[in-house]
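Novice: Quick one: sequence plus predicted model below, questions after.
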Amino acid sequence: MPRKSPTKASKLEEAIRLKSLREVLGFSQREMAKEFLVSQGSINLWENGERTIPGAVLKLMDIYEERIKTGKTRK
């Protein structure tokens, strides 16, 4: 089932969440893009709330956040 269009507020929350995750991991936008197999421009647009973060990327974010909570991160 396709994802519903996010509200402006939820889009901003997702943008903040992505940037926070990236910073916790100690990644630059370029490094995060490489990790997620997307362009650096995509990371930039998502972090600035200019584009909606795709569902697959949100799922990756969930996985990374869970690994951070359990201490199973790698760099």
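Specialist: Arrived safely, thanks for sending. Residues are numbered from 1 along each chain as shown.
Novice: From here on, just use CA atoms for contacts and neighbour counts.
Specialist: Will do.
Novice: what's near enough to touch residue 49?
Specialist: 11-12, 15 (C-alpha atoms under 8 Å, 6 or more residues apart in numbering).
Novice: make it 10 Å
Specialist: The contact partners of residue 49, by C-alpha atoms under 10 Å, 6 or more residues apart in numbering, come to 8-16, 43.
Novice: Show me which of those residues is closest to residue 36.
Specialist: residue 43 (9.2 Å; C-alpha to C-alpha).
Novice: need the helices for this structure, in chain order.
Specialist: Applying DSSP state H to the chain gives helices spanning 8-25, 29-36, 40-47, 55-70.
Novice: Just put these in TSV and tack on mean pLDDT and mean neighbour count.
Specialist: Listed next are the helices of the chain as TSV, based on pLDDT from 0 to 100; neighbours: other C-alpha atoms under 10 Å:
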stretch	mean pLDDT	mean neighbour count
helix 8-25	94	16
helix 29-36	98	16
helix 40-47	98	18
helix 55-70	95	13
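Novice: Go ahead and flag the most central residue of this structure.
Specialist: Nearest to the geometric centre of the chain sits residue 18, at 3.5 Å (C-alpha atoms, centre = their mean).
Novice: Tell me who's in contact with the residue lying closest to that one once chain neighbours are set aside.
Specialist: Closest residue in space to residue 18, ignoring its immediate chain neighbours: residue 47 at 6.4 Å, by C-alpha to C-alpha, 6 or more residues apart in numbering. By C-alpha under 10 Å, 6+ apart, the contact set of residue 47 is 11-20, 22, 29, 41, 53.
Novice: Could you dump those residues into TSV with distance to residue 68 added?
Specialist: Putting the contacts of residue 47 into TSV (distance: C-alpha to C-alpha, whole Å) gives the following:
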residue	distance to residue 68
11	22
12	22
13	19
14	17
15	18
16	17
17	13
18	14
19	15
20	12
22	12
29	19
41	25
53	20
